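1. Predicted model and sequence follow; I will ask about them next.
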Amino acid sequence: MSKLAIHWFRRDLRLADNPSLHYAAQNGPVTPIFILDTVNNTQKEFNLGEASSWWLHHSLNSLNESLGDRINCFSGDPLKIIEQLISAYEIESFSWNRCYSPWEIERDTKIKSLLKDNDIEVKTFNASLLWEPWEILKDDNTPYKVFSPFYRKGCLKKHAGPREVVEKNDYSFSDKLASSSDIDSLNLLPKHHWKDKLNKHWKIGEESAMEKYIHFRDNGLTGYKEGRNFPAQENVSVLSPHLHFGEISPHQIWFDIKSACPEKDVAHFHSELGWREFSYYLIYHFPFMCTENLNKRFDKFPWSENHDFLLAWQKGKTGYPIVDAGMRQLWETGYMHNRVRMIVASFLVKNLLIDWRVGMEWFNDCLCDADLANNTASWQWTAGSGADAAPYFRIFNPILQGKKFDPDGEYTKHFVPELKNLPSKFLFAPWEADDSVFEEAGINYGEDYPKPIVSIEESRDIALKAYDQIKG
Ligand SMILES: Cc1cc2nc3c(=O)[nH]c(=O)nc-3n(C[C@H](O)[C@H](O)[C@H](O)COP(=O)(O)OP(=O)(O)OC[C@H]3O[C@@H](n4cnc5c(N)ncnc54)[C@H](O)[C@@H]3O)c2cc1C
């Protein structure tokens, strides 16, 4: 057997724009490996959730098809697995595209040393971020904590822009290694029947990701800047899980969309990719924030532990229709629209006073796009404890948000069908309707649909008083 050129697939489950794969292929066939890391994640509560695990299973299958069934799967501790590969095979080169979670950086640093100590050429590449987090610093060499200067001054004005897209070649892949397993042996498919619903909503893999992107560019991009706030409109790309698993790269999107129109929508779409960069940037520079408040004042916040409230929130039975619609969209589809994510997160943290980490854990389990960086930064942003965060005293009002962003109730009625006959003017505040309205709509209020679990005004006052205790 000739010496192996190993490419380690991680969150780059694609052939196009894959710098490490391209490098590994320069002298002949590549040996593609995937390792399910079951030991190193120090943020255990944010380990691969059920929806992500389901996605990964299908994404690996799709990738493996493109590789002509040559993927080599392993499960366990990557360091030990790579040690075994080193002793079993002659390895010419070993490469991967970088990941940025704190625990992945720590693990990869050790693996790099192991390979170097064994005189194996090891190379790592950028494949999933437009700007490396360590390249963007303020004039005083400290990291940004506010999005606008980070993006406008740090990223956009940086002399070297994002790297060019790497063209896909006709790569060839070596025969499977005797010591490897197949994808099924990774046991990624959850036992839960819940996953069966997800099949209806998604087409997974590199080809589908590109098709979805093109569909969005040609049909949803016009009007994106405003339309992205309205959950019933098709003005968002729904590319987040594809981006998370690297079925498409931000570089492919960034450059291609540049030539699209209108300019203001393109610029806004670019800036949302910028928010994604900012999340990765934050957890790179402040790794503790994946589990701890970035703003330490929040360490003293008197969070409540109300299991009944949490359950009502998770099940979409809070009595606030826009909140319930969002939570049910999550449960039905493994996705939630960004505007509604902000509404439900604010409701959990500020009206139910439940710790943002509890909400983040539920999102981590249910979202197909669950992403340590985006999930951490967004939850802390909503809670008010994060970088450039929404001030704690700014509390989303689910009634006004519903009226403004789902004016016809299309989104809410789709996910809360028991309210479909309620006249629109009561949809976001059903308690304002009298008995005859419910009778006419055929709704047994309190039975078919719950009454509010908390009063918005009272819970808001309690939250503000709690905040007064820590604001210093
Ligand atoms: C409480 C909360 C938790 C979240 N958790 C996650 C998560 O686990 N994973 C995740 O990918 N996103 C998360 N987000 C951010 C955002 O909601 C999603 O990225 C977005 O809704 C994905 O839909 P889309 O692909 O249609 O977005 P589009 O509007 O089409 O945007 C394109 C891409 O830009 C990025 N993006 C867009 N908005 C944001 C944002 N506000 N912050 C960071 N990146 C953004 C995403 O990668 C997205 O796919 C969270 C937001 C909130 C408020």
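-> Good, I have the coordinates.
2. Neighbours of residue 264, how many?
-> 12 (other Cβ atoms under 10 Å). C-beta: built from backbone N, CA, C; applies to glycine.
3. same check, this time on residue 417
-> When neighbours are counted by other Cβ under 10 Å, residue 417 comes out with 11.
4. Around the ligand, pick out the residues from this structure.
-> When proximity is defined as Cβ under 6 Å from any ligand atom, the chain approaches the ligand at 228, 236-240, 243-244, 272-273, 275-276, 279, 338, 341-342, 345, 363, 367, 369-371, 374-375, 378-379, 382.
5. And the buried ones among those, selectable in PyMOL?
-> To isolate the buried ones among the residues of the chain next to the ligand in PyMOL, judged by 16 or more other Cβ atoms under 10 Å, type:
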select buried, resi 228+236+237+238+239+240+243+244+273+275+276+279+341+342+345+363+367+369+370+371+374+375+378+379+382
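6. quick one: residue 73 is in a helix?
-> No: Residue 73 sits outside any helix when classified using DSSP: H, G, I helix; E, B strand; the rest coil, being strand.
7. Which residue ranges make up each domain of this structure?
-> With domains defined by automatic domain parsing, the chain comprises 4-126, 128-164+205-285, 296-470.
8. For residue 198, which of those is the nearest?
-> Proximity to residue 198, assessed across the domains of the chain by Cβ to Cβ, is greatest for domain 296-470 (5.1 Å).
9. ok, residue 318 touching residue 452?
-> Yes: Residue 318 lies in contact with residue 452 (Cβ atoms under 8 Å); the separation is 6.9 Å.
10. okay, these two: which has more neighbours?
-> residue 318 (25 against 17).
11. for that one, what are its contacts?
-> 312, 324, 327, 347, 450, 452-453 (Cβ atoms under 8 Å, 6 or more residues apart in numbering).
12. change it to 10 Å
-> Applying Cβ atoms under 10 Å, 6 or more residues apart in numbering, one finds that residue 318 lies in contact with 309, 312, 324, 327, 344, 347-348, 351-352, 398, 450-454.
13. Equivalent analysis for residue 189, please.
-> Neighbours of residue 189 in contact, by Cβ under 10 Å, 6+ apart: 50, 53-54, 56-58, 183, 195.
14. 6 Å instead?
-> Applying Cβ atoms under 6 Å, 6 or more residues apart in numbering to residue 189 gives the contacts residue 57.
15. and if you look at residue 396?
-> Taking Cβ under 6 Å, 6+ apart, one finds 343, 346 in contact with residue 396.
16. could I get the domains of the chain as a markdown table with mean pLDDT and distance to residue 179?
-> Output for the domains of the chain, formatted as a markdown table (pLDDT from 0 to 100; distance: least, Cβ to Cβ, whole Å):
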| stretch | mean pLDDT | distance to residue 179 |
| --- | --- | --- |
| domain 4-126 | 97 | 6 |
| domain 128-164+205-285 | 97 | 25 |
| domain 296-470 | 97 | 30 |
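17. Need these in JSON lines (columns: distance to residue 178).
-> Compiled in JSON lines, these are given as follows (distance: least, Cβ to Cβ, whole Å):
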{"stretch": "domain 4-126", "distance to residue 178": "8"}
{"stretch": "domain 128-164+205-285", "distance to residue 178": "27"}
{"stretch": "domain 296-470", "distance to residue 178": "34"}
